[in-house]
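Q: what follows is a protein structure lacking sequence information:
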């Protein structure tokens, strides 16, 4: 795909991003105390220059809320021209760092520190802008703003408060507009633009008297000046701008990479992966030029970048064009921009500040037991400053890491079956050897024991202690099993052998092999299982898999299930849904029956289980998609095929009470056979070939028929009409271990095609959480 000229999706995406960036750029400039043109200059330079030179093609750069507090402090201390000079020096520092190719090193900062820094900045922004919304003026520090807030609340400026309240209400309510019309409006008009536009319209219609945007003539626009002051203070200012801008830009670039990869896997256009050193070079160049032209510091902005990806951008032209539209607006839309009330911009920035305290981030750091680092960093940034707060956060993170390294939790438990379990949670060093030895001494001779290791490091002293005890215990007739997610990595050959993966068939599991019966010649054929085979498999789960999933299952037990997909498939034992979908606990709401049948509404007779499951998944769990998955060699379809059209007529004529339960259930498959007969077996294709035989053709036709039955259920039809539910057909060829998905968008009248799912050659990466911008 050529990037020499913009593609049509780039043009539409650039307009969407422009509509978001315009009010945000003005609001951020207002929050810093800089001239309002400075926000527009930074947005134009960030879009055009950083977009053209950066290494993340889909990332949108410009003024960001993350730099608001730092910039405001610099303006108060050094003045605006000197702050522009500091921005230039920060850009030069970024260029030097990019030449050293150290961009990846910025990603080693703990996410808890980064999220805590952003949360502290967000709190500071919200406290300051709340005073503007109430008709007052913010103080220079968050502590002063917090102290003066009660008096401001008792004597607000009514007009400004109403305009700000309307802005907040639209911002929060816009994403929740219901129905298909609401969805179309949300896609067409960004929430930020809608909020500011409606507040401006209200102020104009009622001729409200309140401060508005003032854009002086460009001839009086202040450019960069040489900063003056103590060298150490200036160096700290440059370092702070460089640190915050670089880390936020690089983390945003990584997050955008994840979004683009997810879009590509969903069938979207391919994009180039981010070159972080080039991105840092583009950001540095942008800051140099923005500072020289009297603009705010720029950084990669995750919110605008995510909107760029969602709008369908495919090359860097979308970012460049968005900067061109901002530049055009500064000359054409000045009169319109000067009608915007400052209270509306302040409310917009205040909401962004609140959103920077992300619940998702708090859950993430809590899950990783780093909430202390997050809270201390956020508080320090709020009350002391960004550089001081980040330094304190790093110190706390180091202290927490040292504490975890030296504090290991060791437990002993006697299980109901008489065995003993020793749990080791944390890193196993020489400091924990005395407590480990005391716990191991609680295991009597000749009794079985399991040692569960939940850590990533074991030093030589701990290794020797565990090895010596295991050798001695085994010599006294006891058995020892080393389990846990790191037992084999830490102990190598000393770890318990034959740790089978849970999804292997029972006959391939050494750990679940049935004990031989005395005098038995051995197994006779595949499928001859010992009566205790299931119980032995459950024990293997408790020993090897349960320690790995216990924390996730505990979270699901606490939060409840929130699956995104209803997966309806056959009860065939060869079809392992979690294996073929790479899903885990809480991902799929699964319904299985003989033949993956979906009885149409009103035909269920005595069996309403499938209809009840569909209603529960659609109306209660609010799943976003439903998949009907058939498979090769289906026994139910084979039974239908053997009946033939005449047999079906005979079955239909029989009194249902005289039929077996299986025959009564298979009556729901008659429309599938009728569909196949009407198409003469040629209506469905499997990838590039026709079905191998009539049975395969029937299995494929059955998936199509059950999708039609699904759409007849009122709850499904309603959610589909609202655009909130998708139906998907799927087919799994057991012998080939190959999944096929029903292709969408086929031409009218064309035969349906099940396309083979191809593996993604690139390795999947962990999801990155977009930064608030």
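A: Perfect, I can see it now. Keep in mind that what you see is a predicted model, and the values were worked out from it rather than measured. Numbering: from 1, shown residues only.

Q: roughly how far apart are residue 563 and residue 592?
A: Residue 563 sits 15 Å away from residue 592, going by Cβ to Cβ, to the nearest Å. C-beta here means a position set from N, CA and C on the backbone, and glycine is covered the same way.

Q: who has more neighbours out of those two?
A: Set side by side, residue 563 and residue 592 show unequal neighbour counts under other Cβ atoms under 10 Å, the larger going to residue 563 at 18 against 14.

Q: quick check: closest non-adjacent residue to that one.
A: residue 589 (4.3 Å; Cβ to Cβ, 6 or more residues apart in numbering).

Q: count the neighbours of residue 623 for me.
A: Look at residue 623: counted by other Cβ under 10 Å, it has 24 neighbours.

Q: that older thread, secondary structure class for the residue nearest to residue 563?
A: The three-state assignment at residue 589 reads strand, by DSSP: H, G, I helix; E, B strand; the rest coil.

Q: could you pull out the strands in the chain for me?
A: With DSSP state E as the definition, the chain shows strands at residue ranges 61-62, 299-300, 409-414, 420-425, 449-454, 480-483, 565-570, 588-593, 625-631, 685-686, 726-733, 738-742, 753-756.

Q: any idea which of those strands is most buried?
A: The highest average neighbour count among these, using mean count of other Cβ atoms under 10 Å, belongs to strand 61-62 at a mean of 36.

Q: identify all contacting residues around that one.
A: By Cβ atoms under 8 Å, 6 or more residues apart in numbering, the residues outside strand 61-62 that reach it are 21, 24-25, 42-43, 46-47, 50-51, 54, 249, 282-283, 286, 298-301, 304, 319.

Q: for this structure, give me the ranges with low pLDDT.
A: Low-confidence segments of the chain, defined by pLDDT under 70, are located at 1-6, 106-107, 217-224, 266-267, 484-532, 604-606, 644-658, 679-683, 744-750, 760-773.

Q: which parts of the lengthiest helix in it are buried?
A: Among all segments of the chain classified by DSSP state H, the helix with the greatest residue count is helix 231-265. For helix 231-265, the neighbour count (16 or more other Cβ atoms under 10 Å) marks 234, 237-238, 240-261, 263 as buried.

Q: helices and strands around that helix, which ones?
A: Helix 231-265 is packed against helix 68-78, helix 80-99, helix 111-133, helix 276-292, strand 299-300, helix 302-310, helix 386-406, with contacts defined by 3 or more Cβ pairs under 8 Å, 6 or more residues apart in numbering; DSSP states H and E.

Q: now the angle from that helix to helix 302-310?
A: For helix 231-265 and helix 302-310, the angle between their directions (axes from the mean of the first three to the mean of the last three Cα atoms, to 10 degrees) works out to 20 degrees.

Q: report the inter-axis angle for helix 231-265 versus helix 80-99.
A: Calculated by the same axes, to 10 degrees, helix 231-265 forms an angle of 60 degrees with helix 80-99.

Q: centre of the chain to helix 231-265, how far?
A: 19 Å (Cα atoms, centre = their mean, to the nearest Å).

Q: how much does it deviate in direction from helix 276-292?
A: On the basis of the same axes, to 10 degrees, helix 231-265 is oriented at 130 degrees to helix 276-292.
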